[in-house]
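S.K.: I'll drop the sequence and a predicted model, then ask my questions.
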Amino acid sequence: MLGGESRKDFCDEMCCDDVRHGETCSERMPVDLLTAERLAQVFHAIADPTRIRILSVLMEVELCVSDLAAALGMSISAVSHQLRLLRELRVVRKRREGKHIYYALDDEHVRDLFARGLEHVRHE
């Protein structure tokens, strides 16, 4: 038994492999393993309070590393390290303007994901 659940919490037969559905469970799975791993990496990347704070600032405005560090009360090195991880996973993007590099959320998908997560935790 899993986690102390009683036997009555489980089906007695495999419903998913029932021929009436015409497909097996694995054939009907909407997310392949590679996609699941990539999604898990994104969720893992944003599951850190420091990175959440970085994203919350970037939801509002595009900033350079030094301005982000000042806004968060962190060292430039620490913020830069976090941005590198977020950039590798396409959560944030960078844009060069002269000597300055500005960071922003990568796209509207990231903005929506962050906004939905925030909405969820604030919902009572």
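M.R.: Done, it's in. Numbers count the residues shown, from 1 in each chain.
S.K.: in its sheet, what does the host helix or strand of Arg96 sit against?
M.R.: Using DSSP states H and E, Arg96 sits within strand 92-97. Its sheet considered, strand 92-97 pairs with strand 100-105 (antiparallel) by DSSP bridges.
S.K.: contacts only, for Arg93.
M.R.: When contacts are counted by Cβ atoms under 8 Å, 6 or more residues apart in numbering, Arg93 touches 87, 103-107. All C-beta spots, glycine's among them, are computed from the backbone N, C-alpha and C.
S.K.: so which bits of the strand holding Arg96 are buried?
M.R.: 92-93 (16 or more other Cβ atoms under 10 Å).
S.K.: CA-only coordinates of that strand in CSV, if you can.
M.R.: Provided in CSV are the C-alpha atoms of strand 92-97 (Å, rounded to 0.1, in the frame of the first residue of the first chain):
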residue,chain,number,x,y,z
VAL,A,92,14.6,34.7,-18.8
ARG,A,93,16.3,36.3,-21.7
LYS,A,94,19.0,38.9,-22.1
ARG,A,95,19.4,41.8,-24.4
ARG,A,96,22.5,43.8,-24.9
GLU,A,97,22.4,47.6,-25.3
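S.K.: ok so, going back, by neighbour count, which of the contacts of Arg93 wins?
M.R.: Within those, most neighbours by other Cβ atoms under 10 Å means Tyr103, with 23 neighbours.
S.K.: list the buried ones in stretch 71-87?
M.R.: Using 16+ other Cβ under 10 Å as the test for burial, stretch 71-87 gives 71-72, 74, 79-80, 82-83, 86.
S.K.: hmm, Val65 is touching Ser77, no?
M.R.: No. If you go by Cβ atoms under 8 Å, Val65 and Ser77 don't touch, sitting 9.1 Å apart.
S.K.: rewinding a little: and of the contacts of Arg93, the nearest to Glu119?
M.R.: Leu105 (16.0 Å; Cβ to Cβ).
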